[in-house]
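Trainee: This is the structure alone, sequence omitted:
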Ligand code: MG
């Protein structure tokens, strides 16, 4: 049977790798639709290769260019366009690989239309994990994680009743064994040089501060319905063990593999089948030689601790955490603040946050907007001036 798939964010890091997987799985998938922001040259190449019936782009201008170029193509744009693509019930699965909050509403739309989700968008679960997982259960929809850690847990977790805890591994990023003072004043170039994974800029900075791991703990809590007390993080610089599950009888089942996103992407979109797509080298324990593990240093990486605390406190704390972090990371990438100031700013915002219990989707977006505005103000008034002084 040919599986019908839509990819949201097809020109991004996960999207392009997903299309590489589909190329190798020729005949098994039909691309129903693609979405991209403004990278029209790359999207055009993808249209010519994968022949989607519809595409969604970031603006009306981009849509006009494509409508003129491809007469038979249906082109939509903006947030409404994404929601439109996710309402198409002919899809078997939608890969949500856009980054940021724009992924949330389209994902919910797909779930309500009984379409399985391959989820590569962090914000969906960090901002609205309770709502998304409840809707998925009500509609009998599979949420298949694409992130390597959650994919690993999904592969290892076959007996929920026997579970003791989840063990999430973290590479530790480029500053793992660097002095904290050196980390705090790191340049963009240093912070963007991730030792193991090649990813988008926002997630690479989050990996350098370990915020990314904190967000992954929150996602794991929602995806697998496991209490925060039973989710452990461990630093594993080689990124070979992608995560593990510990059972009550003391058995630990881990998923291993070379660090390639092709594997978790293919696992998610092909689930429950396992097929050969992109050929990987056979896994060679002897060649890997040494695998090391260490406790995360919560003092050096305060955002990891803060993220887990926000998750435990629930309410709208994780909405605040996510919005403040994103604005602070952008400010760092704009050269307005130092890397060390990201955690100061996010802590400040979380400390002063007035949490709303069980927020609905509209409240979540309102809180997100408010926190972003306040974070920008805080950066302008306090941090930008300090950096310039
Ligand atoms: Mg990850």
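Mentor: Nice, I can see it. Just so you know, these numbers come straight off a predicted model, no measurement behind them.
Trainee: So what does the residue nearest the centre of the chain have for phi and psi?
Mentor: Centroid-nearest residue in the chain: residue 122, 3.4 Å away (criterion: CA atoms, centre = their mean). Backbone dihedrals for residue 122, given as degrees, to the nearest 10, come out at phi -70, psi -40.
Trainee: And the closest residue in space to it that isn't next to it in sequence, which helix or strand is it part of?
Mentor: For residue 122, ignoring the flanking residues on the chain, the nearest one in space by CB to CB, 6 or more residues apart in numbering is residue 215 at 5.2 Å. All C-beta spots, glycine's among them, are computed from the backbone N, C-alpha and C. Assessed by DSSP states H and E, residue 215 sits inside helix 211-224.
Trainee: model confidence over that helix, on average?
Mentor: The average pLDDT within helix 211-224 is 98.
Trainee: just how off-centre is that helix within its chain?
Mentor: When C-alpha coordinates are averaged (CA atoms, centre = their mean, to the nearest Å), helix 211-224 and its chain have centres 10 Å apart.
Trainee: show me what contacts the residue of the chain found nearest the ion?
Mentor: Nearest to the ion in the chain, going by CB to the ion, is residue 147, at a distance of 4.3 Å. With contact set as CB atoms under 8 Å, 6 or more residues apart in numbering, residue 147 has these partners: 119, 120, 122, 216, 219, 264.
Trainee: low-scoring stretches of the chain, by residue?
Mentor: Applying pLDDT under 70 to the chain picks out residues 385-389.
Trainee: how about the residues of it near the ion?
Mentor: When proximity is defined by CB under 5 Å from the ion, the chain lies next to the ion at 147, 149.
Trainee: for the chain, what spans make up the strands?
Mentor: Remark: strands of the chain, listed N- to C-terminal, are 3-8, 29-35, 54-57, 74-77, 93-96, 116-119, 143-145, 163-170, 231-235, 241-247, 252-256; assignment by DSSP state E.
Trainee: Would you mark the buried spots in the fourth one?
Mentor: Counting neighbours by 16 or more other CB atoms under 10 Å, one finds that the buried residues in strand 74-77 are 75, 76, 77.
Trainee: Wait, the first one touches residue 63, no?
Mentor: Pointing back at residue 75 there. Yes: with contact taken as CB atoms under 8 Å, residue 75 and residue 63 are classed as touching, separated by 4.6 Å.
Trainee: Overlap in contacts, the two.
Mentor: Common neighbours of residue 75 and residue 63, counting by CB under 8 Å, 6+ apart, are residue 57.
Trainee: is it true that residue 301 touches residue 209?
Mentor: Yes: shown here, residue 301 and residue 209 form a contact pair, counting by CB under 8 Å, at 6.4 Å.
Trainee: re the thing from before, hmm, the residue nearest to residue 122 is touching residue 121, no?
Mentor: No: assessed by CB under 8 Å, residue 215 is found out of contact with residue 121, at 11.1 Å.
Trainee: ok, residue 369 - how many residues close by?
Mentor: Other residues near residue 369 come to 12 when the count uses other CB atoms under 10 Å.
Trainee: That one and residue 270: what is the separation?
Mentor: Distance of residue 369 to residue 270, given as CB to CB, to the nearest Å: 38 Å.
Trainee: rewinding a little: ok, the residue nearest to the centre of the chain - contacts?
Mentor: Applying CB under 8 Å, 6+ apart, one finds that residue 122 lies in contact with 99, 147, 203, 215, 216, 219, 322.
Trainee: Residue 83 now?
Mentor: With contact set as CB under 8 Å, 6+ apart, residue 83 has these partners: 105, 106, 109.
Trainee: Look up how far residue 94 lies from it.
Mentor: Separation of residue 83 from residue 94 (CB to CB) stands at 12 Å.
Trainee: just residue 186 next, same as before
Mentor: Using CB to CB, we find residue 186 at a distance of 37 Å from residue 94.
Trainee: before we move on, what about residue 13?
Mentor: Distance from residue 13 to residue 94, counting by CB to CB: 18 Å.
Trainee: picking that back up, more crowded one of residue 186 and residue 94?
Mentor: Between residue 186 and residue 94, counted using other CB under 10 Å, residue 94 has the larger neighbour count: 29 against 19.
Trainee: Phi first, then psi, for residue 70.
Mentor: phi -120, psi 100.
Trainee: so who does the closest residue to residue 192 other than its chain neighbours touch?
Mentor: Counting by CB to CB, 6+ apart, the nearest residue to residue 192 once its immediate chain neighbours are dropped is residue 204, at 5.3 Å. Remark: with contacts taken as CB under 8 Å, 6+ apart, residue 204 is in contact with 191, 192, 194, 197.
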